[in-house]
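J.: The following block contains a protein sequence and its predicted model.
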Protein chains: 2
Amino acid sequence: MSKKLTKRAEDYSKWYNELVVKADLAENSAVRGCMVIKPYGYAIWEKMQAELDKMFKETGHENAYFPLFVPKSLFEAEEKNAEGFAKECAIVTHYRLKNDPDNKGKLIVDPNAKLEEELIVRPTSEAIIWNTYKGWIQSYRDLPLLINQWANVVRWEMRTRLFLRTAEFLWQEGHTAHASKKEAIAESKQMQEVYATFAEKFMAMPVVKGAKSESERFAGAEETYTIEALMQDGKALQAGTSHFLGQNFAKAFDVKYTSKEGKQEYVWATSWGVSTRLIGGLIMTHSDDYGLVLPPKLAPIEVVIVPIYKSEEQLEAISEKVAVFVAAFKKKGISVKFDHRDTFRPGAKFAEYELKGVPVRIAIGARDLESNTVEVARRDTLEKQTISQDDVVTFVANLLEDIQENLFSRALLYRDAHTTEVTTFDEFKDAIANKGGFVSAHWDGTEETEDKIKEITKATIRCIPNDQKLEAGACVFSGKPSARKVLFAKAY
Amino acid sequence: MSKKLTKRAEDYSKWYNELVVKADLAENSAVRGCMVIKPYGYAIWEKMQAELDKMFKETGHENAYFPLFVPKSLFEAEEKNAEGFAKECAIVTHYRLKNDPDNKGKLIVDPNAKLEEELIVRPTSEAIIWNTYKGWIQSYRDLPLLINQWANVVRWEMRTRLFLRTAEFLWQEGHTAHASKKEAIAESKQMQEVYATFAEKFMAMPVVKGAKSESERFAGAEETYTIEALMQDGKALQAGTSHFLGQNFAKAFDVKYTSKEGKQEYVWATSWGVSTRLIGGLIMTHSDDYGLVLPPKLAPIEVVIVPIYKSEEQLEAISEKVAVFVAAFKKKGISVKFDHRDTFRPGAKFAEYELKGVPVRIAIGARDLESNTVEVARRDTLEKQTISQDDVVTFVANLLEDIQENLFSRALLYRDAHTTEVTTFDEFKDAIANKGGFVSAHWDGTEETEDKIKEITKATIRCIPNDQKLEAGACVFSGKPSARKVLFAKAY
């Protein structure tokens, strides 16, 4: 904790890794690519979960739980989905260890305990869930089926980074079944909207809503709706996706329903998910060279109070005052911590909470008792102000709202300043290479052009924005006709 | 849903399995021994989680998340623990599938993607967590470390039953580190107390608190504290355990701290857990031949309101009235559902909510509108009463408390009536074989006697109760001296 962070301008990637560890959010584990989410990081995830879960339930979804393992024969049933995940699967082949006869105290895999059919550790649960839905859906009365699962999943990624890309991660995955195509598309768009609202309202992270190009779609989806955020290094982050799956899984698992008219029809499907990756996005959207910056609505501690004292008597007098503030904050639903540890000096505490991104810090010393004041510092701008004790609770409550809004505006300003409209490929390359951020350009709609642009610039199509107006133009790369601009960026 | 349940007296085990499926709690999946927890069952688990999580946080614990996988070399580090779980582990050996060259569209495990070191899917997380704690604990200032994890675990059980014993299950596992033996023991006893309070106050399930005999201890523990409940078929259910782990894991993973006096000392440990098995206990404690019976404090729906109507106008008039009740119930924090589906008749709805154990059902028809009454039915006793609409909210609020208490008293009465003090082994065998329940008897303290009793009667020592008074006597089996009685029973 004592050593300073690398500066963002120096090495953004190093800054990120150091910050995650020093702010006590997460660390690498003994298992390749798997992280340990530490209590402070997990507390942020709990706050995210609580808000998202509420939003899911308000839109009619219920939670359930499906097995961690997918038998290989089910896994391969939907071919495109299987193909998309086959190369990054953890596979269980045995169910027992035995003593190593050559090495006392050590264990080996028991070759007699080989599974007849291998089990895939779920990289996503469409297969196991649709195999279950087959038993749940008979009639139109059973639809829509609106289910969400909070779970861990495993994707054997070769290059991992804390929160952003880990072999195991925590997420939620919604899986819904509908009687009509129209209803399923409406559901997947609704969940994109829910994700966007969560990102902007709670994470204070502006996002662009759009659809993925075919090559960037989820394996097995007919359409993937995405929310895309922009990080401070000019790279985009896919923050959440919602998929319209057509009848692909219903056909693969033979899930039909009897319609009102008595006909047998295949069911229409969606799936949608966000993961602990959001924490990576949260960090990279707001934090600075001093450490983490958290929006109040997701901060495990919104306000920290640090006493400055020289004697036990002074601490006692301060504590008495602070108890009143603490009660008042709690009454307003504001989470507050009074840090009266005597093992650390105030300066060390200030640095710690700065690093950990606590939105508001209140310092109160013996002199403040005399003058009936406290010092209030806001983490986002690092400004300090002296406030009367009589006003402090109202002031801080307003300040927290202010900080929440300021973080969003600041991030939006950054994104707008880093979204460039281009018409020529030279402008395109220049923007991507020198300015970073989103580049809005015409595209001829072919995978070939997409691949070539990626090869040359490393930028990919992040999305075809929902609100992009139709406007005829020429593809920035091929010059062929295009109906509207799409958004490119280098991405995480 | 239409077919009646098997009666408990006929076949208890069949009754249980049918109930779990028909009440929409859970079902078997395509993966051997793994269950799907359906939305209604999962909603009960969410209620349990919320209460337990609150209790853990109130006692100073924080949540965190550790990897699903344990490298074999870490798994085998604490030998007793490893030995205890080695025979029931799911083992990941490969990380990639590839196309089957002989079978288009099918996948096979890629032999080139074999892991250098096998990964064990956690059956419990002591190993991975203590390997992590090594990096977190240096000084006495880092202690105590009080962490809990909500997670899935896998134990490759050969004979499984929904909720009670499944290959994968959901649980919480607390893992704490302390500077002294005394503090660690106090922590493990405190968590036993927390579990007992939860079981009795929320589940309405009376439990005996006690310590396990050596042979029944958790693998790697120096002492296991347990809560034991009695099911309606006279079998005991171990409902939660809290382990004092001594310095076993600290030594296996070399976790030392510098004491205030500057000395290097091994850390003391505890771990404690409850799982989705609790739902099995909840079902078997209260339910009857008509279906599930739920204590109001854990019921996803506490009150259901069913309209009885012949015309749209009647339904409208009823709905108007019901809206007032619903608002009043919600204001009191009581979860209520107004089931106005027109696809089912009232009788079918009554049967459904009886099967699903909704504590209170209110029926309101056209005649009730005239007489300003409603019919209130309680699920625990199946009694019905006609109540004035003016009183219904207060009446039902009190009734819910009454049901919660009645369920506990009823279960306690049953347990007391099925706890038998014996002095001879003939009495012992008779009680176990013909009456069931707990048998309190003197035991000489040897594993040999324990084994023989188990062999002859199938009963095991459930616990040495915390509140058992010291009283010299002769072992019920061997006649050797014994200091106090212990509790035996056949168990799940």
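T.: Yep, that arrived.

J.: Without its sequence neighbours, what residue ends up closest to the residue of the stretch 251-400 of chain A found nearest chain B?
T.: Nearest residue of the stretch 251-400 of chain A to chain B: residue A:343, at 6.0 Å (Cβ to the nearest Cβ). No exception for glycine: its C-beta is placed from N, CA and C like everyone else's. Take residue A:343 and drop its neighbours on the chain: the residue closest to it by Cβ to Cβ, 6 or more residues apart in numbering or on different chains is residue B:141, 6.0 Å away.

J.: Can you get me a residue count around that neighbour?
T.: For residue B:141, the neighbour count with other Cβ atoms under 10 Å in any protein chain shown is 13.

J.: and it, which of the three is it?
T.: Secondary structure assignment for residue B:141 (DSSP: H, G, I helix; E, B strand; the rest coil): helix.

J.: quick one: pLDDT of it?
T.: On pLDDT, residue B:141 comes in at 92.

J.: what about the residue nearest the centre of chain A, which helix or strand?
T.: Taking Cα atoms, centre = their mean as the criterion, residue A:278 is the residue nearest the geometric centre of chain A, at 1.5 Å. Per DSSP states H and E: residue A:278 is located in helix A:277-286.

J.: Kindly list the main-chain dihedrals of whichever residue of the stretch 101-250 of chain A sits closest to chain B?
T.: Taking Cβ to the nearest Cβ, chain B has its nearest neighbour within the stretch 101-250 of chain A at residue A:156, 4.3 Å off. Main-chain torsions, residue A:156, degrees, to the nearest 10: phi -70, psi 70.

J.: contacting residues around it?
T.: A:33, A:87, A:88, A:89, A:90, A:167, B:95, B:96 (Cβ atoms under 8 Å, 6 or more residues apart in numbering or on different chains).

J.: Let's see that with 6 Å instead.
T.: For residue A:156, the contact set (Cβ atoms under 6 Å, 6 or more residues apart in numbering or on different chains) comprises A:88, A:90, A:167, B:95.

J.: Using TSV, lay out those together with distance to residue B:432, secondary structure and neighbour count.
T.: Formatted as TSV, the contacts of residue A:156 follow (distance: Cβ to Cβ, whole Å; DSSP: H, G, I helix; E, B strand; the rest coil; neighbours: other Cβ atoms under 10 Å in any protein chain shown):
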residue	distance to residue B:432	secondary structure	neighbour count
A:88	53	helix	17
A:90	45	coil	25
A:167	50	coil	24
B:95	50	coil	23
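
J.: between these, which is closest to residue A:411?
T.: Residue A:411 has its nearest neighbour among those in residue A:167, at 29.3 Å by Cβ to Cβ.

J.: Just confirm that closest one contacts residue A:35, I think it does.
T.: No. Between residue A:167 and residue A:35 there is no contact under Cβ atoms under 6 Å: 8.7 Å.

J.: Would you work out how far apart the start and end of stretch A:384-399 are?
T.: 12 Å (Cα to Cα, to the nearest Å).

J.: What number of residues are in the vicinity of the nearest residue to residue A:77 once chain neighbours are set aside?
T.: With sequence-adjacent residues excluded and distances taken as Cβ to Cβ, 6+ apart, residue A:77 is closest to residue A:252, at 4.5 Å. Residues within reach of residue A:252, counting by other Cβ under 10 Å, total 21.
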